[in-house]
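J.: Have a look; sequence and predicted model below, questions after that.
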Amino acid sequence: YAPETLMQPLLDLEAAFRAASVDPAFLAELRAELRHFVGRPTPLTPAPRLAAKLGLKVLFLKREDLTHTGAHKINNALAQAILARRMGKTEIIAETGAGQHGVATAAACARLGLACTVYMGVTDMARQAPNVARMRLFGAKVMPVEAGQGTLKEAVNEALRAWAGQCDRAHYILGSALGPHPFPTLVRSFQTVIGEEARAQVMDQSGSLPEVVLACAGGGSNGLGLLVPFLGDGLRRVAVEAGGYGTALGEHAARLDGGHMGVLHGCKTLLLQDEHGHTAETASISAGLDYPALGPELAALVLDGQVEVRRASDEEALTGARMLCENEGILPALESSHALALLPALVAEGVATVLLGLSGRGDKDLSTYQARLGI
Amino acid sequence: YAPETLMQPLLDLEAAFRAASVDPAFLAELRAELRHFVGRPTPLTPAPRLAAKLGLKVLFLKREDLTHTGAHKINNALAQAILARRMGKTEIIAETGAGQHGVATAAACARLGLACTVYMGVTDMARQAPNVARMRLFGAKVMPVEAGQGTLKEAVNEALRAWAGQCDRAHYILGSALGPHPFPTLVRSFQTVIGEEARAQVMDQSGSLPEVVLACAGGGSNGLGLLVPFLGDGLRRVAVEAGGYGTALGEHAARLDGGHMGVLHGCKTLLLQDEHGHTAETASISAGLDYPALGPELAALVLDGQVEVRRASDEEALTGARMLCENEGILPALESSHALALLPALVAEGVATVLLGLSGRGDKDLSTYQARLGI
Amino acid sequence: MSLNPLLPFLMAGDPSLEALPALLAEAKALGLEAIELGLPHSDPIADGPVLQAAAHRAIARGATPRRVLESLAGLSESPDIILFTYLNPLFQMGAERLKQLLAPTPVRALLVVDLPFGEESDLEATLRTAGYPMVPLLAPTTTLGRARQILLDRPDPGPSACFAQRFAYVVARLGVTGTGQGMDREPISRRLEALKGLTERPLAVGFGLSDPQSLSVIRTMGATPVIGSALVQELAEGRSLREALTPRMVDDV
Amino acid sequence: MSLNPLLPFLMAGDPSLEALPALLAEAKALGLEAIELGLPHSDPIADGPVLQAAAHRAIARGATPRRVLESLAGLSESPDIILFTYLNPLFQMGAERLKQLLAPTPVRALLVVDLPFGEESDLEATLRTAGYPMVPLLAPTTTLGRARQILLDRPDPGPSACFAQRFAYVVARLGVTGTGQGMDREPISRRLEALKGLTERPLAVGFGLSDPQSLSVIRTMGATPVIGSALVQELAEGRSLREALTPRMVDDV
């Protein structure tokens, strides 16, 4: 579902990805960079005090917040950057919402010596100013996008447009498991390292699998990354969407209840839209979940019954964050806080053991936490 | 060199530390927390692009910036918190300058369920406001210290005073390798995990030791942590102090050239002071190096010729930071940037292989980088 | 077959939906056989700033896909219309509803920017059978092999069909719609020659063309130039269609 | 041995160094045998806000350690002075220089807050031999065993020596100098009883005492109360030494 100009670059990308996937040199370089630069494997942290507080028996946290640049985004950004260099591309384009993917891409490009341009909505640039500074320190150009709400959706629009103009020399590093094929596959495949590690770690540290594996889901790269490696297991896989501040269209970013199939940014998936097929406005306290479409691979798993989708409101997410801070000394990203926010509901359903993915650290959300929690 | 009120608590601490050091239960708990909560071992990152830019053959970076809370401070804070709980203490007191030790201590206390009060100069509170918010989110009380320059030295004064008032129930987690015995020993011992890991990693990844091992030094916990495990090796161990903006007393925090033996905060060491034995004012762009005394253990190694001390100015540190950002995609703390700043001088001396300690990440210093680098 | 001298693009609902019938009549009076009409979309990923702004203005003024199509119903004084659109509005409407709405209009073909051939083949076949074929798009990145596939998948209805239903749209350069900085003549000429070796269909060339001379050059290459963003901009600034198009339809080179 | 009724603390240089001789003379006139005199320090880690502020005021007005000692030279109208100080200024001065400066002054003993017994034993021995013994400090955290060691290490010069050179300083409570919120009588009483079992020396009790009643209570326990922060505060506010001390020297309980 991409403009014709991008079709051949997408086909080239798919071919390059397939070739790289079985090339020992590529896999070795990626593995080395993930280990020595990104800091993988990330820990699986038992959270006994929070578990006790909530009435859980066991709670494990998969710590993507401890990766370099502070969120799971780097797994994908770095892998795509290596792939792009291999394809002979010298420039990188990326979009960013909260700024984490932008920072990760800027870092990967600095690491590999690639020129980097990041498209970012003006609203996001204002509320995530520290991430703008980080990108610039890494030598990236940050291009303000004025259109619409000035957030992630508009940034993707503009990045796709920019790519169409430079696809001969530039690669577009999409930050979540969405966009035209092969991006969702690519991103999912570069993120499943999260769940693969987590699965081995939970077996190693506790000897058994939990009842529930839980992650937040915006586009879906974090959700797929954690949940996919558990697809063959007899347990519940749960993704949490942004419930925002209300249930009317425009007040949330919960695509399962609120959305229906549609096409946006080159893929057909569950989409928040009006009757005319125009993309709806969305709302979430968390910039990273504030996106109108669920990635197509995650949507497919949901419709197939393999993954449950739940929602957590802004307020619930804030409470979840505070509980983790005070009981375990870990400051979660607002995105991850949505997963934490679901724990009381799971306990009420009788769940005793949970593995939860912390997608990133909450430093970027400090001003929101300060304002909303009165710190 | 502590007031009598603190002597017995210090003796108790020393005894508890000695007992814990050989107690498998303590060691196992510490090891598990360092692994699963802090994220140890931290990576040793080869930095080939920066090395090439500078004319080095090999440059390795020990990545304390990837620890939980973002600096090496957590190694010590967590270990002391476990020790304090073991001693039956229910409250923790700490001082902080840049806020990294305060954040680390607040996180460790939340993790272990200990009440936490952090003393911080009002100047530092203003310039490190995000770290104040992080401590508060972790449930810590942050006490503003108005005296003097409102920075680290005054915060230590006030924390020592507070401890004297609550030493029956509270433990004081000192953040650097200074203060009255046994703190320097304690802190050094909990930080040498940095150098132990780095030594094994550099042998594993390159098969040989570098010519120079390099770290920044404020109080000295980072410097000792990295350098001490290399004491037996035939290589140069270099610590870099804050050269500030000038060479006159009050314009820097370079204690080797500028200081002489004196007593501050319970220890006798190299101290920046006036002719009357009053502590001198100091200046550094980096809050973490802006302390008038070199930790006594580091000072002893320096005077014994085991460790070289060099200095880097504010401007040189900024240049070092920018080079690492643009060539490797890593944003260093201003403290660590002082070590980076020495690399050109080492190259000029003919050095080809260096292992450099990155003590923490630069997110806390973003506003300084923005202002000074015009980002 | 005589060369169609110009294929103008209008954004439906900009300046206003009410003005659309008169604009189309004027186009017809100017002797234009066909015209591209943009259906305003919320996320026009293939459009540059001018058409984005026009689309958002039109949506703000209530130019929903349904109202646009209803405003075309029963118009006799109009060139053939090629409906330029993104997939999602059509997808939400569904093929049956769409056919009903299109039936009374001068729409003769669909140009769906983000529908590569083969992606929604049932929908596409239904619409083609109903008389609304999809215009094949050929980009600078489209290899000749892929161009052959595209032209096969969206077949030529033959010389008896109207221009709107026959032509292939050749994208002049990388990027999105909008005025470019002068045209690079040589590569376009080579592409057109190569494509003419593949097909008998009329070719239209668009993206970045606006000055009379560039348009003229395209005509000398035997293709129909498309004028989009520049025209939409001029209409938004109050120029009439006649004023905007007349100098662009004659070759004074 | 008669009980010394009060041991006041003054901060040298606050309100001013010039006023110090007169203050000391007044103290002498009030019948005080000894007085603690604080040497202003940049980092007084054992002092509360009142003495910190007083020290910083004094430093700002030029009350360096040397000037303070010089201003005491030749004073005959003064109680015995116990110089209350932190180690570093003495350490920088060195034992020889210090002895020279102390010789012409009424200083009879040193109370070095951050010098635990045994730490700088050469310096301490030199000064003791020269007639400047270190006052033993006994904190609430000091075990009886440790107290015995301290009193042994800083030995009693015997009943013939003056109070300043004989007494041990008993810290009344945890924390730093400064006015507390009322005195907890019982534990102090028990501590004093226990310490009296260890030594024949006069005991002074300080930290947090200020109201006449608390001071009186200490006297009933057979020890000399120390009045510090409250006095410094009152002098800074313009009260005279006589006004401040008179009501605190009599027991009207």
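T.: Perfect, I can see it now. Numbers count the residues shown, from 1 in each chain, chains lettered A, B, ... in the order given.

J.: Excluding covalently adjacent residues, which one is nearest to the residue in the stretch 101-250 of chain C that chain A sits nearest to?
T.: Chain A sits closest to C:Gly175 of the stretch 101-250 of chain C, with a gap of 3.4 Å, by CB to the nearest CB. Glycine gets a C-beta too; all of them are placed from N, C-alpha and C. Using CB to CB, 6 or more residues apart in numbering or on different chains and skipping the chain neighbours, the partner closest in space to C:Gly175 is A:Gly165 (3.4 Å).

J.: where does the one you found land on pLDDT?
T.: The per-residue pLDDT reported for A:Gly165 equals 93.

J.: Return the distance of it relative to B:Thr368.
T.: Plainly put, A:Gly165 is 37 Å away from B:Thr368 if you go by CB to CB, to the nearest Å.

J.: Please apply the same query to C:Leu101.
T.: Separation of C:Leu101 from B:Thr368 (CB to CB): 61 Å.

J.: picking up where we left off before, restricting to C-alpha, output the strand or helix carrying the residue nearest to C:Gly175 in PDB.
T.: Using DSSP states H and E, A:Gly165 sits in helix A:152-166. The C-alpha trace of helix A:152-166 is given here as PDB (Å, rounded to 0.1, in the frame of the first residue of the first chain):
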ATOM      1  CA  LEU A 152       3.900  10.900  15.200                       C
ATOM      2  CA  LYS A 153       1.400  10.300  12.500                       C
ATOM      3  CA  GLU A 154       2.400  13.500  10.700                       C
ATOM      4  CA  ALA A 155       6.100  12.700  11.200                       C
ATOM      5  CA  VAL A 156       5.600   9.400   9.500                       C
ATOM      6  CA  ASN A 157       3.800  11.100   6.600                       C
ATOM      7  CA  GLU A 158       6.700  13.500   6.200                       C
ATOM      8  CA  ALA A 159       9.400  10.800   6.500                       C
ATOM      9  CA  LEU A 160       7.600   8.800   3.800                       C
ATOM     10  CA  ARG A 161       7.500  11.800   1.600                       C
ATOM     11  CA  ALA A 162      11.200  12.600   2.200                       C
ATOM     12  CA  TRP A 163      12.100   9.000   1.400                       C
ATOM     13  CA  ALA A 164      10.200   9.100  -1.900                       C
ATOM     14  CA  GLY A 165      12.500  12.000  -2.800                       C
ATOM     15  CA  GLN A 166      15.800  10.300  -1.800                       C
END
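
J.: Give me the phi and psi angles of the residue in the stretch 201-350 of chain A that chain B sits nearest to.
T.: Among residues of the stretch 201-350 of chain A, the one nearest chain B by CB to the nearest CB turns out to be A:Gly329. It sits 3.3 Å away. When quoted as degrees, to the nearest 10, the phi and psi of A:Gly329 stand at phi 70, psi 30.

J.: That one touches B:Ala108, doesn't it?
T.: Yes - A:Gly329 lies in contact with B:Ala108 (CB atoms under 8 Å); the separation is 6.2 Å.

J.: Which neighbours do the two have in common?
T.: Between them, A:Gly329 and B:Ala108 share no contacting residue under CB atoms under 8 Å, 6 or more residues apart in numbering or on different chains.

J.: Is A:Val354 in a helix, a strand, or coil?
T.: Three-state call for A:Val354 (DSSP: H, G, I helix; E, B strand; the rest coil): strand.

J.: Please apply the same query to C:Glu70.
T.: When classified by three-state DSSP, C:Glu70 comes out as helix.

J.: Looks like the residue nearest to C:Gly175 contacts C:Gly178 (just checking).
T.: No - between A:Gly165 and C:Gly178 no contact is recorded; they are 10.0 Å apart, counting by CB under 8 Å.
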